[in-house]
Structure formats: C-alpha cells, structure tokens
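J.: build me a model from this:
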Amino acid sequence: MMKALQKKFVFTAMIAVSILLFILLGIINIVNIAMVRTETDKTLTMISEADGNFDHIQPPPNSAPPFDFRIKPKDERDKFLSSNFFIVRLNGNGQIVFTDVSRTSLVDEASAEELALRVLDEGTSVGKAGKYRYQISNSHTGNETVIVFLDTSEEILSYVRVLFLSGGIGLSCWILMLFMVMFLSKKAIFPIVENMERQKQFVTNAGHEIKTPLAVILANTEAMELYNGENKWSKNIREQTVRLNGLMKNLLLLAKMDESAAEIIKTEISFSELVSENVRVFAEPLNLRSITLQTEIQPNVIIKANKEQISQLISILLDNASKYTNNRGTVIVRLQKSDKRIKLLIKNSCEKLLDTPPDKLFDRFYRDDKARTQKTGGYGIGLSVARSIVLANKGSITAEYENPNFVSFTVTL
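T.: Just a heads-up that it's a prediction; the model follows:
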C-alpha cells in the first residue's frame, strides 16, 4: 500500500511540475522570439528608411562622449554598423540599377539580384527568404525601389541557444524535483498510510471478533428451533444473523484485497470456461423465476489473472443480475475478445432504471432502494468487491443504463 500510494503521489506531483515547467519555458522562449523579432524588424526598417546609406542616419542628440562606458542599448548607427545586409535598387521600369553587397561576405551581386527579383514577384513588401528578412520601400528620391535584405542568422542562433539552454535547465530542474519528490513522498503520505492501515486492521480484527458471536447466536437459534419449533422471531434472528455473517465475509474480503493487491498470483486461465461454469450455476435459479438467459461466450479466451478472484467476480455480477432482474425478464452474458482486449458484458432488465449515476453503484454500502436491497438480500458491497477485483487484475469495469430498462456491466481485461 505504501509503495502504491507513493507511486501515485510522485506521478501526480511530477505531472504538475512538468506542466508548470512546460508553461514557464514556453513563455520564456515565446517572449524571447517576440523581443528578438521586434528588434530585427526595427533594424530592418531603420536600414530601409536610410536606403542602406549610413550617411542618411542622423546621430542621436546629446550623444555620450567616446570614453563613456556605461551599459546602454545601441543607437541606430551602432545597429547599422553591426548588421549584415545587402541592398538592391530598381528603377521605375523594374530594372536593377544598383546592388550593394559590401555589408556581407556570403552573397555576390548575381545572387543578390536574383533573390531581389524573386521576392519582387511575390508582391509582398515585407517577408522572409531563407535566413534573410527583407523589406521593399521607395527611395528618398521616390524614383527608385529599394529592397533591403537583413541577415538574421544571429537571431536564429539566439532562438536556438535560448531554447536548448532553457530546455537543459528545465530538464535538470525536473530531475532534481523528481528526486526531491521521491525523497519527501514517504514523509508526506506516511500519516495517510498509517491511518488507512489502522482502519483496515480495525475492520479485520472486528470481523474476526464478530464471527464467533454470530456463530454462537446462529447455533443457539437452530437449537431453540429444534426443541421449540420455528416461529417468526427465531426465523428473523436466523435470517439477520446469516445476513450479518455474509456482510462480515465481504468486508474481510475487501480488507484482504486492499492489503495484498500488489501480491496476487496470476496464472493463465480459461476465461471462457469460468464464465460458462458460473452461468450453469445461476441458470436454474433464473429459470425458476422465468428469466430468459441469453449467452454468447467466445471459446478459448485465455487471460492471465488470479483464477479465484476472476471466478468470484463473475459470480458477483451474475448474482447481482439474478437479484435485480424483474420476473420474466432477461439476463444477457457476452464474452468476446478483440484487438488484444477481452470484454465481459453482463446486463439485466429491471422494472425501472435508477435515478442515480451508474458509477454510484460501485460505492461501498450504496443503496438506491433500501427496502429492495433488504428484500433481495444484498449488502450494498458486492459491486465494490467486483471493482476491487478488476482493479487488482489491471482491468476496468463500467456500468451503464440502456433502454428499455437495462443495466449493463462491462469488464475489460
């Protein structure tokens, strides 16, 4: 139990940590991309407005003297001088009249002109061509079109650096948090585990202590009936004693399963044979109430599970169907295997569907109709046992209401 709860605690905590880190790193990278792109666009616009000519850029007013080493953002001139770009100018007829590749060593004039003509055909004033961002504008004279291509290699490398750096730091933090959560999880769940163990121990001890008085009461009741004959008081005592004894057995079974859920012994068993055997046991009681039993059991369905528990699971579901099926109603049992999944469906008709959600049927001691439960001899705990068995064998069980007036239980293993 301690290990199972610890795994769930660690799993849940690390999911929360993973989501938090993912959001945090995502925001950091998105903000970085947005800020770098904004600065790139500003630089591209500044170069385009100056027609790629340094002399057209006005120096900032009150510029600091050369010996001022204070840290501050670059001005437009510094950005111009540190940027790699090339420009192509075209006249009003679309003919290239000037090409300047002096600010880059990776592009010659022919390649620059070919790229300029290509982006001009696309018809967009701003865009991206490979690692270059470009902007098309009119020159200061208004007679020419200027296309400025700005090399964004450094910006792309900035994206990648921040991405890998933040990812590496995030992964390191995730691993560190994993070890911290694993270390602290035992302390965090210890009080809960201790309380649960005390509850289980109480149920187990109380169950064993109550079994002996129940056996004595039942034996004395039978002896009294043997000498004095049966009457309504002795009959009520015997029925309620048997009922209480059955309830204690189910409670002890639940406590035992909770204690040894991780220690069950699984073997390969024929699911088809187990279902068929249990169906034969319930066939006669159903027939006495004129209940139609429909079966569709696929042969040779093999599963790896605990045979005793699976047999008890089938018995619980069939017993539940037998108790709550209306007279002259229908019980359907279907076993089939598809896509490596095995499904057992047991559904029964009833007088009317319950008003509560189907999942509530698996709650311990849940009763939608107390009088009906007393009449049929149910304890309100059988389906809880069924769910515990399914979960212990790594499966799932669901309940559904179907029209007209059918309740179905589906076990998937």
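
J.: close enough to count as contact, V88 and F98?
T.: Yes - between V88 and F98 there is a contact at 7.4 Å, judged by Cβ atoms under 8 Å. C-beta coordinates here come from the backbone N, C-alpha and C atoms, glycine included.

J.: neighbour count: the two, which is higher?
T.: Just comparing V88 and F98: by other Cβ atoms under 10 Å the higher neighbour count belongs to V88, 27 against 14.

J.: where does pLDDT dip in the stretch 251-400 of the chain?
T.: Flagging of the stretch 251-400 of the chain using pLDDT under 70 yields the residue ranges 254-263, 364-380.

J.: can you rerun that using 80?
T.: 251-265, 339-340, 354-355, 363-382 (pLDDT under 80).

J.: how does the chain divide into domains?
T.: Annotated domains of the chain cover 204-259, 265-412 [automatic domain parsing].

J.: for W174, which of the ones you listed is the nearest?
T.: domain 265-412 (27.9 Å; Cβ to Cβ).

J.: what about the closest one, how long is it end to end?
T.: 19 Å (Cα to Cα, to the nearest Å).

J.: how far out from the middle of the chain is that domain?
T.: Domain 265-412 has its C-alpha centroid displaced from the chain centroid by 28 Å (Cα atoms, centre = their mean, to the nearest Å).

J.: one more: stretch 404-413?
T.: 24 Å.

J.: cool, and stretch 154-164?
T.: Going by Cα atoms, centre = their mean, where stretch 154-164 is centred and where its chain is centred differ by 32 Å.

J.: list the contacts of it.
T.: 28-29, 32-33, 36-37, 40, 131 (Cβ atoms under 8 Å, 6 or more residues apart in numbering).

J.: stretch 268-280 now?
T.: Against stretch 268-280 from outside (Cβ under 8 Å, 6+ apart): 293, 295, 297-305, 307, 310-311, 314-315, 318, 333, 335, 342, 344, 413.

J.: please repeat the previous calculation with a cut-off of 6 Å.
T.: Contact with stretch 268-280 is made by 295, 297, 299, 301-304, 307, 310-311, 314-315, 318, 333, 335, as judged by Cβ atoms under 6 Å, 6 or more residues apart in numbering.

J.: nearest residue to N91 other than its sequence neighbours?
T.: Spatial nearest neighbour of N91, excluding adjacent residues (Cβ to Cβ, 6 or more residues apart in numbering): V97 at 5.1 Å.

J.: that neighbour in helix, strand or coil?
T.: strand (DSSP: H, G, I helix; E, B strand; the rest coil).

J.: separation between it and A188?
T.: Distance, V97 to A188, using Cβ to Cβ, to the nearest Å: 75 Å.

J.: and G92, by the same measure?
T.: Going from G92 to A188 by Cβ to Cβ gives 76 Å.

J.: which SS state does R328 fall under?
T.: Criterion first, three-state DSSP; result for R328: coil.

J.: phi, psi of it?
T.: Per-residue torsions, R328: phi 60, psi 20 (degrees, to the nearest 10).

J.: ok, it touching L288?
T.: No - counting by Cβ atoms under 6 Å, R328 stays clear of L288, with 11.7 Å between them.

J.: all the helices of the protein, residue numbers only.
T.: 2-49, 76-82, 109-122, 153-228, 232-259, 271-288, 307-324, 370-376, 382-392 (DSSP state H).

J.: show me what the closest residue to E296 other than its chain neighbours is bridged to.
T.: Of all residues not flanking E296 in the chain, R334 sits nearest, at 4.5 Å (Cβ to Cβ, 6+ apart). For R334, the beta-bridge partners under DSSP bridges are E296, L345.

J.: how much space separates R334 from G130?
T.: 62 Å.

J.: the two: who's more crowded?
T.: R334 (17 against 10).

J.: mind listing what S185 touches?
T.: Contacts for S185 (Cβ under 6 Å, 6+ apart) come out as 6, 9-10.

J.: just curious, which of these is nearest to C173?
T.: Looking across the contacts of S185 and measuring by Cβ to Cβ, the closest to C173 is V10, at 15.9 Å.

J.: picking that back up, my read is that the residue nearest to N91 contacts V88, right?
T.: No - using Cβ under 6 Å, V97 makes no contact with V88, being 9.1 Å away.

J.: quick one: low-confidence ranges for the stretch 1-150 of the chain?
T.: The stretch 1-150 of the chain contains residues with pLDDT under 80 at 1-5, 54-78, 140-142.

J.: quick revisit: who's more crowded, G92 and A188?
T.: A side-by-side neighbour count of G92 and A188, using other Cβ under 10 Å, places A188 first with 14 against 9.

J.: in stretch 129-136, what counts as buried?
T.: 132-136 (16 or more other Cβ atoms under 10 Å).

J.: do stretch 401-413 as well
T.: So, applying 16+ other Cβ under 10 Å, buried residues of stretch 401-413: 406-409, 411, 413.

J.: average pLDDT for that stretch, rounded please.
T.: If you average the pLDDT over stretch 401-413, you get 89.

J.: tell me how far the ends of that stretch are from each other?
T.: Stretch 401-413: ends 21 Å apart by Cα to Cα.

J.: pull the contacting residues for G52.
T.: Going by Cβ under 6 Å, 6+ apart, G52 touches 87, 148.

J.: what do you get if the cut-off is 7 Å, keeping everything else the same?
T.: When contacts are counted by Cβ atoms under 7 Å, 6 or more residues apart in numbering, G52 touches 85, 87, 100, 146, 148.

J.: same check on S166?
T.: Neighbours of S166 in contact, by Cβ under 7 Å, 6+ apart: 25, 28-29.

J.: specify which member of the residues you listed is nearest to P213.
T.: Nearest to P213, judged by Cβ to Cβ, of the contacts of S166 is L25 at 63.9 Å.

J.: correct me if wrong: G382 contacts A321.
T.: No - the pair G382 / A321 is not scored as a contact, 11.1 Å apart, by Cβ atoms under 7 Å.

J.: have a look at the two and say which one is more surrounded.
T.: Neighbours were counted for G382 and for A321 using other Cβ under 10 Å; A321 has more, 26 against 20.

J.: show me what contacts that one?
T.: 331, 346, 348.

J.: gap between the closest residue to the second one other than its chain neighbours and R161?
T.: Spelled out, it's I346. Of all residues not flanking I346 in the chain, L317 sits nearest, at 4.6 Å (Cβ to Cβ, 6+ apart). Per Cβ to Cβ, L317 is found 60 Å from R161.

J.: more neighbours, those two?
T.: More crowded of L317 and R161, by other Cβ under 10 Å: L317, with 24 against 11.
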